[in-house]
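Student: heads up, no residue letters with this:
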């Protein structure tokens, strides 16, 4: 399977090397690094990477996958008509097109994404919505598959996308072998939020609050009342409430609910556990309590969320 990795001056190094290493580790892909000109190309950090091919000397046909890398230089790269034209022609002739992070901008500029649901790094969401209104932008998931187009959030999410491509092409065992080799988390589903615990939360500044936070994250479904958390942290309930809110930016009860909702999102995307069973396991008590909390936090019902993210083999 022939894969073109498209880079340009100012690309993000990990957006290239992460997915490249995942695919190469299978031994089943021919990976070509393509740039406007062959030779050294400077990444956004200054690290040079040698592009084996320039677009002028490489016909844009015969590729299984065209993957466009993101980076701060994409805003200049999209103004290069030769590069945009090559990407458009190569992607239309390929079985699928993919983009890591802001590489989605180059696919959009090539006219390949109108009407499609895409993701990118959360920092690009406003730009994508303003400059490409025909796209259905959703910068919450770490990656999205919409038909033959795959897009991901930034940096390490590109490796999750590449692992999903391997599983789609060669099955779970092949993906599992790569994950073991690269010491990766095997099944971080595309539906996982870019703002998953602990990324969305502040970090505790003191040991008692760190103990309470760890208890919630380790077992979201356990009892986590103020009294329970106060007991494990060695603080009085009133003192815990005050310090937790000051350090974490929200009361303990709100933090517990958000961690449980994140666990519910993963379970809904990955499995078939009934909502009522899931609610009891994660500490919500009843399915109705879970539904209300889920709708408040996510904006959709749990059943709708599951349908949405299980619609394309968990990579919806």
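Tutor: The structure has been received and is ready for your questions. What you see is a predicted model, and the numbers here were worked out from it, not measured in a lab. Numbering: from 1, shown residues only.

Student: Could you give the secondary structure assignment for residue 97?
Tutor: strand (DSSP: H, G, I helix; E, B strand; the rest coil).

Student: That one against residue 149, yeah?
Tutor: Yes. Counting by C-beta atoms under 8 Å, residue 97 touches residue 149, with 5.3 Å between them. Heads up, the C-betas are built off the backbone N, CA and C, glycines and all.

Student: Now for the two: what residues contact both?
Tutor: Residues touching both residue 97 and residue 149 by C-beta atoms under 8 Å, 6 or more residues apart in numbering: 107, 112.

Student: show me the biggest helix of the chain in terms of residues.
Tutor: When the chain is parsed with DSSP state H, its longest helix is helix 252-270.

Student: elements contacting it?
Tutor: helix 207-218, helix 226-233, helix 237-248, helix 275-281, helix 287-298, helix 302-310 (3 or more C-beta pairs under 8 Å, 6 or more residues apart in numbering; DSSP states H and E).

Student: Tell me the buried residues in the shortest one?
Tutor: Using 16 or more other C-beta atoms under 10 Å as the burial criterion, the residues of helix 275-281 that qualify are 275, 278, 279.

Student: Next, the angle helix 207-218 makes with the longest helix of the chain.
Tutor: 30 degrees (axes from the mean of the first three to the mean of the last three C-alpha atoms, to 10 degrees).

Student: pLDDT weak spots in the stretch 201-316 of the chain?
Tutor: Residue ranges of the stretch 201-316 of the chain with pLDDT under 70: 201, 308-316.

Student: Show me where the stretch 51-200 of the chain has its strands.
Tutor: Under the criterion DSSP state E, counting those that start in this stretch, strands of the stretch 51-200 of the chain are mapped to 53-54, 65-68, 96-100, 117-118, 136-137, 143-146, 149-152.

Student: how about those strands in CSV, adding mean pLDDT, mean neighbour count and distance to residue 268?
Tutor: Formatted as CSV, those follow (pLDDT from 0 to 100; neighbours: other C-beta atoms under 10 Å; distance: least, C-beta to C-beta, whole Å):
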stretch, mean pLDDT, mean neighbour count, distance to residue 268
strand 53-54, 98, 14, 43
strand 65-68, 98, 30, 29
strand 96-100, 98, 29, 25
strand 117-118, 96, 20, 18
strand 136-137, 95, 18, 21
strand 143-146, 93, 25, 16
strand 149-152, 96, 28, 20
